[in-house]
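>>> Generate a structure from the sequence data that follows.
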Amino acid sequence: MAIKQHLRYPGLDNKLKKSVLYFEQCLGLQYVTNMLLKVTQRIGGYLTKQYTQKHIDSLQFAFLNRLLDQLVECLSRCERILAAPMPKAYSIHLRHLLLLYCVALPFQMVKDLQWWIIPVVGIVSFGLFGVEAIGLEIENPFGYDANDFPLNRLCKKLHNDTEE
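Below is the predicted model:
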């Protein structure tokens, strides 16, 4: 849930505060620049404490630490996706190039297709501008749009699986 919240907007979410964190933990995370890194450090500390107190054995400790490492790796991959949007200059240049191509296309094909050029140029333009729109739509897959990852549903399933 914290990763979802971090990818969508910065700061501590009230729902996150109420569901999984104690008041003291919220105070400790309020002024941290990378909340998720701090949370994973606390989880690592908790696992170490459980191991030193002999609540878990060395195999369990190693397995849980590997899972924590994988979580941090997934987080860093998601942050790289989020931090690498399509540059504005690229999208503007692409749109201008597509527009120029679609305006010039009928002049190149009118001799061969005559009146059929109108639906052909319409279909080609629809396809090319559609691909460009898809590129802009999937630029940030962590938001609330219909084509974004269903983070709420995934977090709810993970929470239910953990509770079970």
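
>>> Now residue 136. Nearest residue, chain neighbours left out?
residue 91 (6.3 Å; C-beta to C-beta, 6 or more residues apart in numbering). For the C-beta atoms, the positions are set from N, CA and C on the backbone; glycine is no exception.

>>> cool, and residue 149?
Residue 149's closest residue in space is residue 141 (C-beta to C-beta, 6+ apart), at 5.2 Å.

>>> And that neighbour, how far from residue 55?
38 Å (C-beta to C-beta, to the nearest Å).

>>> Comparing these two, which residue is more hemmed in?
For residue 141 versus residue 55, neighbours defined as other C-beta atoms under 10 Å are more numerous around residue 141 (15 against 11).

>>> mind listing what residue 101 touches?
residue 128 (C-beta atoms under 8 Å, 6 or more residues apart in numbering).

>>> Can you give me the neighbour number for residue 157?
Neighbours around residue 157, by other C-beta under 10 Å: 11.

>>> Can you tell me how far it is from residue 126?
37 Å.

>>> likewise residue 62?
55 Å.

>>> helix/strand/coil for the residue nearest to residue 149?
coil (DSSP: H, G, I helix; E, B strand; the rest coil).

>>> shouldn't it be in contact with residue 151?
No - here residue 141 does not reach residue 151: they are 9.3 Å apart, not a contact under C-beta atoms under 8 Å.

>>> Pull up the overlap in contacts between the two.
Contacts common to residue 141 and residue 151, judged by C-beta under 8 Å, 6+ apart, are absent.

>>> Report the distance from the helix or strand where residue 92 lies to the chain centre.
If you go by DSSP states H and E, residue 92 is part of helix 88-113. Offset of helix 88-113 from its chain centre (C-alpha atoms, centre = their mean, to the nearest Å): 32 Å.

>>> count of residues packed around the residue lying closest to residue 125 once chain neighbours are set aside?
Nearest residue to residue 125, sequence neighbours excluded (C-beta to C-beta, 6+ apart): residue 102, at 4.4 Å. Per other C-beta under 10 Å, the neighbour tally for residue 102 reads 16.

>>> All good on my end, thank you.
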